[in-house]
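> pasting the sequence and the predicted coordinates here, then a few questions.
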Amino acid sequence: MPTTAAPDVLEGLEHFRRLVALQQPTWPDAAALADATTHLASSSPLVVPAEADLLRDRLAAAGRGEAFLLQGGDCAETFAEANADRIRNKVRTILQMAVILTHGASTPVVKMGRMAGQYAKPRSSDTETRDGVTLPAYRGDMVNGHEFTPAHRVPDPQRLVQAYDISAATLNVVRAFTRGGYADLRRVHEWNQGFMQNPAYARYERTATEIDRAIRFMDACGADFDALRTVEFFVSHEALVLEYERALTRVDSRTGAAYDTSGHFVWIGERTRQIDGAHVDFLSRVANPIGVKLGPTTAPADAVALVEKLNPDAVPGRLTFITRMGAGRIREALPPLVEAVTATGVPVTWITDAMHGNTITSTSGYKTRRFEDVLDEVRGFFEVHRALGTVPGGLHCELTGDDVTEVLGGSEEIDDAGLALRYETLVDPRLNHQQSLEMAFQVAEMLRRS
Ligand SMILES: O=C[C@H](O)[C@H](O)COP(=O)(O)O
Ligand SMILES: C=C(OP(=O)(O)O)C(=O)O
């Protein structure tokens, strides 16, 4: 990775500091922050530009309807859970969903984790109050600790370094699982082991058997299966804490362009997508494929302005709009945006985040979502694109590979009381392993029809 760059590129990467950056931690110690970012700036990149370029091509294919993006992972990764078992469970869930989608809809699936960097969260409120005590809100392990004590809630810049180190270790495990034989399609049955006792798993098992039979047939015909041993797997996170993203941005000697090497794909959240804000400015200057979340209040003119600023050269795969409207709003809110953006002639990949517009509080007080609402938003997303003749390019989900009980419904019918059994997320509720597979079966049918 090169260290030299045209001065205007480097200067441009600092411009965000003159703009309003929402949702940033209030770091109490400027010198400690400078130490941490200096350390990060001299550390190795987590991903390299060529990988980001490859992903851009894959997302361009998804935007044309020649592939489908599956992006999933925790709402907020935690340092404590960055162990091989949890990482494997997440990777396996995404691989299983991808198999279901590929098999069900005969479409190549681009696999991407919300992983190896998803350590910072925007919050509705800067503070949290419990029993009369008010402390800074938890903003993700990259910023402060979840434990409700004054010491844990103070933003600590050393956490930026820890986030980098743990992301590097996570990526190492992800690369080992996806390239070292675990992801070999011939092991499609093994991924399901121990999960046979409910309808989603039984249905997965039937899919796996069909794939197995096809592979054995091709094997008998003398096909070469080396390509099945590894899968392409990309990592992504919300580019929220700009000190972290800036410190990991490097200039590519091949082209002189800047790349944010903290992940293959980074996105701007619904709360930080202001056209004249720091986040949009910073990501306009890196060459990675990037995303922007669009919520139900997005005006068509806002979406068009984002297209013009973030993809001025109309590069296919450069810009993904991740819509998160809510099941009740998507059918009205999405069409004007798609129409306005389509009229610009700039290629954009549209994907649905059917989680963030559907958050409710259960009667027992848990932040949750109804599986049926999530599914209905995905349905609405497909309907809108089908009606407009545009392409539903992918699915963005908060999910985990574990048997948590955070989202209501699904074939196990998690109810209000059931939420208490294994509610582990630190911020937003995730689909569990089984709900994720159920979702994939439903989406495969929608994709096949579209
Ligand atoms: O996943 C994201 C959350 O919706 C976001 O961080 C806000 O959460 P909050 O409303 O609990 O602060
Ligand atoms: C905060 C998130 O989403 P949004 O910006 O859409 O609210 C998220 O995806 O973690």
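Noted; the coordinates are in hand. Numbering: from 1, shown residues only. Ligands and ions are numbered 1, 2, ... in the order given.
> quick check: the residue of the stretch 251-400 of the chain nearest ligand 1.
H356 (5.7 Å; Cβ to the nearest ligand atom). Where C-beta positions appear, they are placed from N, C-alpha and C, glycine not excepted.
> need phi/psi at that residue.
As for H356, its main-chain torsions (degrees, to the nearest 10) stand at phi -70, psi -20.
> name the helix or strand of the protein that has the lowest mean pLDDT.
Between all helices and strands in the chain, the lowest mean by mean pLDDT, DSSP states H and E belongs to helix 199-220, at a mean of 78.
> return that one as CSV; C-alpha atoms alone will do.
Output of helix 199-220 as CSV, limited to C-alpha atoms (Å, rounded to 0.1, in the frame of the first residue of the first chain):
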residue,chain,number,x,y,z
PRO,A,199,-39.7,-26.4,9.3
ALA,A,200,-37.0,-23.9,8.1
TYR,A,201,-34.2,-26.4,8.8
ALA,A,202,-36.1,-29.3,7.2
ARG,A,203,-36.7,-27.2,4.1
TYR,A,204,-33.1,-26.2,4.0
GLU,A,205,-32.1,-29.9,4.2
ARG,A,206,-34.3,-30.7,1.2
THR,A,207,-32.6,-27.8,-0.7
ALA,A,208,-29.2,-29.2,0.3
THR,A,209,-30.1,-32.7,-0.9
GLU,A,210,-31.0,-31.3,-4.3
ILE,A,211,-27.8,-29.4,-4.5
ASP,A,212,-25.9,-32.5,-3.5
ARG,A,213,-27.5,-34.6,-6.1
ALA,A,214,-26.7,-32.0,-8.8
ILE,A,215,-23.1,-31.8,-7.7
ARG,A,216,-22.8,-35.6,-7.8
PHE,A,217,-24.3,-35.6,-11.3
MET,A,218,-21.8,-33.0,-12.4
ASP,A,219,-19.0,-34.8,-10.7
ALA,A,220,-19.9,-38.0,-12.6
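> centre of the chain to that helix, how far?
The gap between where helix 199-220 is centred and where its chain is centred comes out at 28 Å by Cα atoms, centre = their mean, to the nearest Å.
> and for stretch 414-421?
26 Å.
> contacts for it?
S362, T363, S364, Y366, T368, T405, E406, V407, L408 (Cβ atoms under 8 Å, 6 or more residues apart in numbering).
> could the residues you listed go into JSON lines alongside neighbour count, distance to ligand 2 and secondary structure?
As requested, those are exported to JSON lines (neighbours: other Cβ atoms under 10 Å; distance: Cβ to the nearest ligand atom, whole Å; DSSP: H, G, I helix; E, B strand; the rest coil):
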{"residue": "S362", "neighbour count": "19", "distance to ligand 2": "19", "secondary structure": "coil"}
{"residue": "T363", "neighbour count": "9", "distance to ligand 2": "24", "secondary structure": "coil"}
{"residue": "S364", "neighbour count": "13", "distance to ligand 2": "23", "secondary structure": "coil"}
{"residue": "Y366", "neighbour count": "17", "distance to ligand 2": "18", "secondary structure": "coil"}
{"residue": "T368", "neighbour count": "24", "distance to ligand 2": "16", "secondary structure": "strand"}
{"residue": "T405", "neighbour count": "22", "distance to ligand 2": "20", "secondary structure": "coil"}
{"residue": "E406", "neighbour count": "26", "distance to ligand 2": "14", "secondary structure": "coil"}
{"residue": "V407", "neighbour count": "27", "distance to ligand 2": "15", "secondary structure": "coil"}
{"residue": "L408", "neighbour count": "23", "distance to ligand 2": "19", "secondary structure": "strand"}
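> ok so, going back, ok, the residue lying closest to the residue of the stretch 251-400 of the chain closest to ligand 1 once chain neighbours are set aside to I94 distance?
Excluding the flanking residues, the one nearest H356 by Cβ to Cβ, 6 or more residues apart in numbering is R324, at 4.0 Å. R324 sits 19 Å away from I94, taking Cβ to Cβ, to the nearest Å as the criterion.
> between these two, who's got more neighbours?
When neighbours are counted by other Cβ atoms under 10 Å, R324 and I94 differ, and I94 comes out ahead with 29 against 24.
> wait, isn't the more buried one in contact with D74?
No. With contact defined as Cβ atoms under 8 Å, I94 and D74 do not form a contacting pair (11.9 Å).
> shared neighbours, those two?
In terms of Cβ under 8 Å, 6+ apart, I94 and D74 are both contacted by the residues L399.
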